[in-house]
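Peer 1: Curious how this folds, go ahead:
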Amino acid sequence: MDRVFCCPRTGRAWSGPPRPSGRSSPRCLQVTQSQHALVASSITNAFKKKRNEHVTALDDASLTIRRGEVVGLLGPNGSGKSTLVRVISTLVEPDAGTVSVIGIDALKDVRAVQRTMNRVSVEASFFKEPSATENLL
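Peer 2: The predicted structure follows:
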C-alpha cells in the first residue's frame, strides 16, 4: 500500500513523500491508500422511539464501496438508509460494528473522517463538536 497524506485543514490528499521538506507536518494525517473508500461491517443501531418502544434501525448491516464507485441507497421508509449514512458520516455512533473511510477508523478518529467527506441531506444535521463556522468549512 502507498502512503497517502491528508491535510486536516483542506482535506486534500496526496501520495508520495510527505510535505513540506520531505517530512510530514504534525498536522498532516497519514492514511493508507486502500482499494476501498468505505468498509462498514456488522453495523447495528437501535434507538428509543417512544416510551419503552425500541426500534432497530440497522441490524448487522454491512457495506463495502470501492474507490471510484458511485452507490445509491434505495429502500422503503424506515429501512435504515439515513441511519446508515449518519453512522458512516460520524453523526451517530453505532451500537456495534466497524466503519472505515479511506482506511481511517471512523469510530476512533472521528475528526479525520469528518475532514474527508461532505454530506448533504434533506434535514439540517451538523457535526456536534465544531463551531458553526467550522461546520461550513
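Peer 1: what about the helices in the chain?
Peer 2: 81-88, 110-116, 132-136 (DSSP state H).
Peer 1: buried ones in the second one?
Peer 2: It refers to helix 110-116. Buried residues in helix 110-116, counting neighbours by 16 or more other C-beta atoms under 10 Å, are found at 110, 112, 113, 114, 115, 116. Any C-beta I mention is one placed from the backbone N, CA and C, and that applies to glycine too.
Peer 1: Not including adjacent chain positions, what is the nearest residue to residue 101?
Peer 2: With sequence-adjacent residues excluded and distances taken as C-beta to C-beta, 6 or more residues apart in numbering, residue 101 is closest to residue 113, at 4.8 Å.
Peer 1: any idea how far the one you found lies from residue 38?
Peer 2: For residue 113, the distance to residue 38 (C-beta to C-beta, to the nearest Å) stands at 10 Å.
Peer 1: can you check residue 49 too?
Peer 2: When distance is defined by C-beta to C-beta, residue 49 is 28 Å away from residue 38.
Peer 1: These two: which has the busier surroundings?
Peer 2: For residue 49 and residue 38, the more surrounded residue by other C-beta atoms under 10 Å is residue 38, and the numbers stand at 18 against 10.
Peer 1: Does the more buried one touch residue 101 like I think?
Peer 2: Yes. A contact is recorded between residue 38 and residue 101 when judged using C-beta atoms under 8 Å, the distance being 5.7 Å.
Peer 1: Now the common contact residues for these two.
Peer 2: Residues touching both residue 38 and residue 101 (C-beta atoms under 8 Å, 6 or more residues apart in numbering): residue 88.
Peer 1: quick one: contacts for residue 95?
Peer 2: Taking C-beta under 8 Å, 6+ apart as the contact definition, residue 95 lies against 44, 45, 46.
Peer 1: Looking at it now. What's its pLDDT?
Peer 2: The confidence metric pLDDT takes the value 94 at residue 95.
Peer 1: likewise residue 88?
Peer 2: Note on residue 88: pLDDT of 91.
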